[in-house]
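Trainee: Test case, fold it:
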Amino acid sequence: MILVDTNLLVYATFADAPEHARTRTWLGELLADREGTVALCWPVLYSYVRLTSSARALGRNALTVRAAWADVAAYLEQPSVRLVSAGAGHASIAAQLAGTPGLRSEDVPDVEIAAIAIENGLAMATHDAGFRRFAALRVVDPLQG
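Mentor: As a prediction, the model looks like this:
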């Protein structure tokens with residue numbers, strides 16, 4: 001099972017994103033597998049809603065919050081999707097990740113998401129190279145290679 005990051009969900013949504021076609025194909029193949037291969041978590045989903053509904057970030061292409069939330073609901077209804085969350089070990093994993101050299105305040109959401117992936121034994125699917133700084137996290141970039 002693989003935890004999908006926000007950036008891949010955003011790329012899959014917007015046809016004018018250069019990464020759209022490759023991401024949409026990759027994600028579509030994962031979603032077609034009914035064996036529960038896709039993991040999502042609330043921090044990723046809320047970030048998706050925040051980013052895709054931001055007129056500052058996307059201008060006229062921004063979705064309404066309602067439309068973005070409908071996308072989230074559609075993902076959660078997929079048979080192959082499992083919603084994962086932080087558990088009892090989250091705080092200690094996050095504390096270890098927070099000790100990663102060079103982190104800044106804007107990296108805190110990545111610490112949370114990485115800790116959820118590690119705690120649940122998941123690889124992280126992302127096009128964000130910043131996740132590679134966490135040694136304990138298995139990172140897969142479906143857009144490379």
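
Trainee: hang on, Asp107 in a strand?
Mentor: No: applying DSSP: H, G, I helix; E, B strand; the rest coil, one finds Asp107 to be helix, outside a strand.

Trainee: And the pLDDT at it?
Mentor: Looking at Asp107, its pLDDT is 95.

Trainee: Count the residues that sit near it.
Mentor: The number of residues packed near Asp107 is 18, by other C-beta atoms under 10 Å. Every residue, glycine included, has its C-beta placed from N, CA and C.

Trainee: distance of it from Thr100?
Mentor: Look at Asp107 and Thr100: by C-beta to C-beta, to the nearest Å, they are 8 Å apart.

Trainee: Val84 too?
Mentor: For Val84, the distance to Thr100 - C-beta to C-beta - is 21 Å.

Trainee: Out of these two, name the residue with the larger neighbour count.
Mentor: Using other C-beta under 10 Å, the more surrounded residue of Val84 and Thr100 is Val84, with 18 against 15.

Trainee: quick one: the more buried one and Trp42 touch, right?
Mentor: No: applying C-beta atoms under 8 Å, one finds Val84 not in contact with Trp42, separated by 9.2 Å.

Trainee: Which pLDDT does the model give the residue sitting furthest away from the middle of the chain?
Mentor: Distance to the chain centre peaks in the chain at Arg60, reaching 23.5 Å (criterion: C-alpha atoms, centre = their mean). According to the prediction, Arg60 has pLDDT 93.

Trainee: I'd like the distance between it and Ala74.
Mentor: 23 Å.

Trainee: How about Glu29?
Mentor: 17 Å.
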